[in-house]
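> Sharing a model that was predicted from the sequence below.
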Amino acid sequence: VVGGAPTSTDQQPWVVALGSRSRFGASRSGQFCGAVAVGPRTVVTAAHCFSTEALGVSDWHQLTDLRLIVGRTDLTSTSGEELPLADVWVNPAFDPTTNAGDVAVITLGHSLPSGASIPMAQPSDSADYAPGTQAQVYGWGDTTGHGDYATSLRTAPVTIFSDTTCEKAYPGGGDGTYESSTMLCAGAQGGGKDACQGDSGGPLVVAGRLVGLVSWGNGCALADYPGVYTRVSAVASLVAQHM
Ligand code: 4AZ
């Protein structure tokens with residue numbers, strides 16, 4: 001998260017880290033993506049977190065040390081728990097070229113503590129994610145756009161932009177294509193606040209509801225390039241089918 005401030009998993013217990021020590025090293029618990037608890041045994045993240053490009057292996061099953069890290073604000077500490085992944089469903093409709101449908105559902109073998117999940121926004125909650133709404137993004141990702149990963153959880157306020165603004169930023173071609181039916185975009189006027197590499201799969205939250213999953217964007221916190229998120233209301237029923 002660029003332009004953010006420290007926060008903690010005590011306050012936001014549904015913010016979870018996805019890590020692999022064998023692949024990404026032990027110093028930050030092997031964290032490489034964010035994720036969000038949406039039910040006692042269900043965690044959502046981005047489909048692209050399980051891609052060959054992200055993992056460096058052709059199949060996530062090769063990483064038997066994949067863990068969900070819950071209750072660990074500071075990734076260099078041993079607080080909280082590291083939970084194995086009982087099952088992963090990667091959206092088969094995810095399109096790595098456009099990033100449409102960037103969602104995966106992780107099932108845990110054991111239940112998380114009660115109260116550790118956040119409800120997903122539904123299509124009927126559209127007022128919650130209307131343009132101009134202030135949202136919060138959370139993650140342990142890059143804090144500058146230059147590879148300065150956070151060790152401790154951070155959050156930044158971002159404004160949800162209109163589909164017109166998002167489409168103007170990403171009309172298609174080199175920088176990606178914004179698709180209003182399955183994505184939303186958010187940022188700050190003039191840039192400076194955004195999700196960044198390593199935040200992927202993590203939450204964008206409005207009024208106690210999960211409205212977005214960090215997905216893609218051109219760079220980080222640039223004035224003319226907002227962050228793009230998977231529109232949770234558009235994939236909520238798909239996720240529910242895999243809970
Ligand atoms: C990434 O590479 C990434 N500024 C995530 C979010 C954004 C850009 C890149 C949005 O995972």
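Okay, I see it.
> use CA for all of it now, contacts and neighbours both
Noted.
> And the pLDDT at the residue lying closest to residue 219 once chain neighbours are set aside?
If the residues on either side of it in the chain are set aside, residue 219 comes closest to residue 145, at 6.9 Å by CA to CA, 6 or more residues apart in numbering. Looking at residue 145, its pLDDT stands at 96.
> Return the residues in contact with residue 145.
2, 196, 197, 219, 220, 221 (CA atoms under 8 Å, 6 or more residues apart in numbering).
> Let me see the residues that make contact with stretch 15-24.
The contact list for stretch 15-24, computed with CA under 8 Å, 6+ apart, reads 9, 29-37, 55-56, 63, 65-71, 138-140, 202-203.
> In contact with residue 7, which residues?
73, 152, 153, 154, 155.
> correction: residue 192
2, 3, 221, 222, 223.
> what packs against the helix or strand encompassing residue 236?
Using DSSP states H and E, residue 236 maps to helix 232-241. Secondary-structure packing of helix 232-241 (3 or more CA pairs under 8 Å, 6 or more residues apart in numbering; DSSP states H and E): strand 209-216.
> and the lowest-mean-pLDDT helix or strand in the chain with the ligand, contact?
Lowest mean confidence among the helices and strands of the chain (mean pLDDT, DSSP states H and E): helix 52-55, at a mean of 92. No: figure legend: helix 52-55 not in contact with the ligand (CA under 6 Å from any ligand atom); closest approach 8.9 Å.
> Quick check: what element follows that helix along the chain?
strand 66-70.
> Each with direction, which strands does that following strand pair with?
Partners of strand 66-70 in the sheet, by DSSP bridges, are strand 15-20 (antiparallel), strand 81-90 (antiparallel).
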